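> Return a 3D structure for these sequence lines:
(chains A and B)
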Amino acid sequence: MVSKLAESLPQVLSVGTATPPDRYTQEEVLAMFDSPDPRVRGFYLNGHIRTRHLVLPDPVDGKREPESQEALIDKHRTWSVRLGREAIARCLDPLGLTTADVDYLACVTTTGYLCPGVSAYLVRDLGFREDVHRIDVVGMGCNAGLNTLQPTAAFCATNPGKLALMLCVEVCSAAYVNDGTLRSAIVNSLFGDGAAAVALKTGSWVTPKGKRHGPRILGFESHTISDALMAMRFDLYEGKLSFFLDRDIPYVIGSHVEKPIARLLKKFGLKRRQIAHWVVHSGGRKVIDSVKYNIGLTDHDVRHTLTVLRDYGNVSSGSFLFSLERLLEERVTRPGDFGVLMAMGPGVAIETALVQW
Amino acid sequence: MTKELGEDMLTLNKLSYEEQDNVATLRLGAPVDVAVIRDLQAVCEYLEDESSCDILVLRGTEERFCGEIDMKAFDPGKPLDIHGFHKWEKALTWIERLPKLTIAAIRGRCVGAGLHLALVCDQRVATPDATFWLDEVSRGFLPGMSTFRVAKYVGLGRAKSLVLAGRQLDAATAEQWGLVDQVAAPTELEAAIDALVRAWTPENAIALELARRLLNESYGIQYEEFIGNFLAAQHRAITSERFLELLKKAHSE
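The predicted structure is shown next:
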């Protein structure tokens, strides 16, 4: 029996992910960007990442030509729709649902600017109904998936039984700048392409085929570190958007992460040890270390965070959903278990959510 | 001032617990069974959530540090499962990670479960009559996650002597091997523990927890991975309020 209260909370029904078909090792990407600098080598090879899925143009005469800004925007549009289609199918198929069943569609991206937004392309191409509610969240960065989960969950709570779908789609290779600078090398060594879709609805428990059912969403807690506003940002550099990551940012996040976690747990009268599952954004090795040592998480707690980073790099807004998908497939969650979802990004933002199975 | 804890604060079935100033004392002795494991969990929970003590001293009786695993707790008529062992290990890990300095004050037999408990403490002080023995293999089962911990104290060869050959150590040998940190005559034991308690300062609470974690993780990890852990931990230590107060104090002197 599920209580009426539990039924009124939005449940994560299913998660589906997708990546472009071409997978590159760190050594391969390093060779393409042709950086003899040992520091650049270090960024690529010492960061826990083994492979990433990327959309890169074929080399001409063995050389990889820089892509124009037009080509990058075009790549973002084309692959957002392609990856979105796959991730949404993998999310809805195990539920026996289609895009025509979706009442609310939220699309999240930071790696390209489109007007009309990604959601409009998806409605045209994927068979969504003409009356589907849409929202596009653009430019919020790696934390944006959790920021957008909040209105998506709120839609479900105020529209009982209606189906909401959130898609995080990032074509990070459309935000690569091949300018030989160290700041670009850091970005180019870290981010990967990927999309993740999650379906939410209130009502009695739903378990997709072959998976453990997803958790219900209990609440959110945000934290913005305004002192570090410029620590992660897009700059316009030689006519292209070029991402910048301050080297201290993993530690800045580490020294603030206790605050939103403490507020979130206090709100629900929980202790940290009562959290059975931690689903943390795979931001990079240093920020994961920093989170581990500041809130006392073990490598086991962040096992999916680490393997998602190893296999895909930082896929930005959808990254925590890649980890959640692995947790659901692992089938270790038990009814009543609490979990915390956490994502960090520009702002500087630390976004958290409490969930319960 | 000794504070006897009322039932509303902490209810234990087999063990006893008291606090004096900043030192909590947990008295072991009973054979380890489900009730003892529950008591250990309750004590850890109390220490984390309620207690203002900085230090936990684990003590046994004059005869033994802690009872062994109670063989009568197993029913030969029922299929045995592993869950009780898992609960025991979780309780040990909880003690190992407490945000307190933990000291084992060992007298008499420190066998099996007793040694498992001693190994998760930060410091081990023993009287000369203490004996150390992992007897599980000779009884047909395994000495828990002491298989994971003991070689880190004594090295693999000596660990094999202890675990496989079931070698029993007296306190002097245990000290020489690094299994205990200090041997003190029964009349000197309290003074030795007092010295450890006095050496503790509130400034090192966070540093103690982080340094202990790094030490425990220092086996079986690559340097490249470990340095990331160290930098994250060090950043947490140097940005703590207590460290900043120390810095200000150093500048004003």
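> C-alpha from now on. contacts and neighbour counts both.
Will do.
> As a check, name the ranges of all helices in the stretch 151-253 of chain B.
In the stretch 151-253 of chain B, the helices defined using DSSP state H, counting those that start in this stretch lie at B:156-163, B:171-177, B:189-199, B:205-217, B:223-238, B:241-252.
> for those helices, which one sits closest to B:L134?
Closest to B:L134 of the helices of the stretch 151-253 of chain B is helix B:156-163 (C-alpha to C-alpha; 5.8 Å).
> From the contact counts, what lies against that closest one?
Judged by 3 or more C-alpha pairs under 8 Å, 6 or more residues apart in numbering or on different chains; DSSP states H and E, the packing partners of helix B:156-163 are helix B:146-154.
> Can you give the contact residues for the helix it packs on?
Outside helix B:146-154, the residues that touch it by C-alpha atoms under 8 Å, 6 or more residues apart in numbering or on different chains are B:116, B:119, B:157-159, B:163, B:177-179, B:219.
> That one: which residues count as buried?
Going by neighbour count (16 or more other C-alpha atoms under 10 Å in any protein chain shown), the buried part of helix B:146-154 is B:146-147, B:150-152, B:154.
> Equivalent analysis for stretch B:128-144, please.
Here stretch B:128-144 shows B:128-136, B:142-144 as buried, counting by 16+ other C-alpha under 10 Å.
> Return the residues in contact with B:I37.
Neighbouring residues of B:I37 by C-alpha under 8 Å, 6+ apart: B:87-88, B:91.
> what's the answer for B:V34, then?
B:G84.
> quick one on the thing from earlier: where neighbours are concerned, which of the contacts of B:I37 has the most?
Neighbour counts for the contacts of B:I37, by other C-alpha atoms under 10 Å in any protein chain shown, peak at B:W88, which reaches 24 neighbours.
> To which secondary structure element is that one assigned?
B:W88 is part of helix B:83-96, with elements assigned from DSSP states H and E.
> quick one: that helix to helix B:146-154, angle?
Relative orientation of helix B:83-96 and helix B:146-154, computed by axes from the mean of the first three to the mean of the last three C-alpha atoms, to 10 degrees: 30 degrees.
> so what's the residue in the stretch 1-150 of chain A positioned nearest to chain B closest to, chain neighbours aside?
Closest approach between the stretch 1-150 of chain A and chain B, counting by C-alpha to the nearest C-alpha: A:N46, at 7.3 Å. Spatial nearest neighbour of A:N46, chain neighbours left out: B:E224 (7.3 Å); criterion: C-alpha to C-alpha, 6 or more residues apart in numbering or on different chains.
> Just give me the neighbour total for that neighbour.
Neighbours around B:E224, by other C-alpha under 10 Å: 11.
> For it, give its distance to A:D61.
From B:E224 over to A:D61 the distance is 37 Å, taken as C-alpha to C-alpha, to the nearest Å.
> what's the answer for A:Q26, then?
22 Å.
> Of the two, give the one with the bigger neighbour count.
A:Q26 (23 against 7).
> Does the most centrally placed residue in chain B lie in a helix or a strand, and which?
For chain B, the residue sitting closest to the mean C-alpha position, by C-alpha atoms, centre = their mean, is B:C121 at 2.3 Å. Assigned by DSSP H and E, B:C121 falls within no helix or strand.
> Please name the residues that touch it.
B:95-96, B:102-104.
> Closest to chain A out of the contacts of B:I37?
The shortest gap between chain A and any of those belongs to B:A91, at 12.6 Å (C-alpha to the nearest C-alpha).
> Check the gap between the closest one and B:I55 for me.
The value you get for B:A91 to B:I55, if C-alpha to C-alpha is used, is 18 Å.
> Contact residues of chain B facing chain A?
Residues of chain B found near chain A (C-alpha under 8 Å from any C-alpha of the partner chain) are B:210, B:224, B:228-229, B:232-233, B:235-236, B:239.
> Just the buried ones from those, in ChimeraX syntax?
Listed next is the ChimeraX selection for buried residues among the residues of chain B next to chain A, using 16+ other C-alpha under 10 Å:
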select /B:210,228,229,232,233,235,236
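> if we take the residues of chain B next to chain A, which one ends up nearest to chain A?
Checking the residues of chain B next to chain A one by one against chain A (C-alpha to the nearest C-alpha), the nearest turns out to be B:A232, at 4.6 Å.
> Can you classify the nearest residue to the closest one once chain neighbours are set aside as helix, strand or coil?
Distances taken as C-alpha to C-alpha, 6+ apart place A:S290 nearest to B:A232, at 4.6 Å, with adjacent residues excluded. With DSSP: H, G, I helix; E, B strand; the rest coil as the basis, A:S290 sits in helix.
> Next up, the contacts around whatever residue of the stretch 151-300 of chain A ends up closest to chain B.
Across the stretch 151-300 of chain A, the shortest distance to chain B (C-alpha to the nearest C-alpha) belongs to A:S290, at 4.6 Å. Going by C-alpha under 8 Å, 6+ apart, A:S290 touches A:250-251, A:253-255, B:229, B:232-233.
> Dihedrals phi and psi, A:G16?
As for A:G16, its main-chain torsions (degrees, to the nearest 10) stand at phi -130, psi 140.
> returning to what we had before: which helices and strands sit right next to the helix holding B:W88?
helix B:34-49.
> The helix it packs on versus helix B:83-96: what angle between them?
Going by the same axes, to 10 degrees, helix B:34-49 makes 30 degrees with helix B:83-96.
> Show me which residues of chain A are close to chain B?
Checking chain A against chain B by C-alpha under 8 Å from any C-alpha, the hits are A:46, A:251, A:254-255, A:285-286, A:289-290, A:293-294.
> Repeat the analysis, applying 10 Å as the threshold.
A:46-48, A:250-252, A:254-255, A:271, A:273, A:285-294, A:296, A:298 (C-alpha under 10 Å from any C-alpha of the partner chain).
> any chance you could map the strands in chain A?
A:11-18, A:23-25, A:51-53, A:104-109, A:133-138, A:164-170, A:194-201, A:216-224, A:232-237, A:240-245, A:275-280, A:338-345, A:349-356 (DSSP state E).
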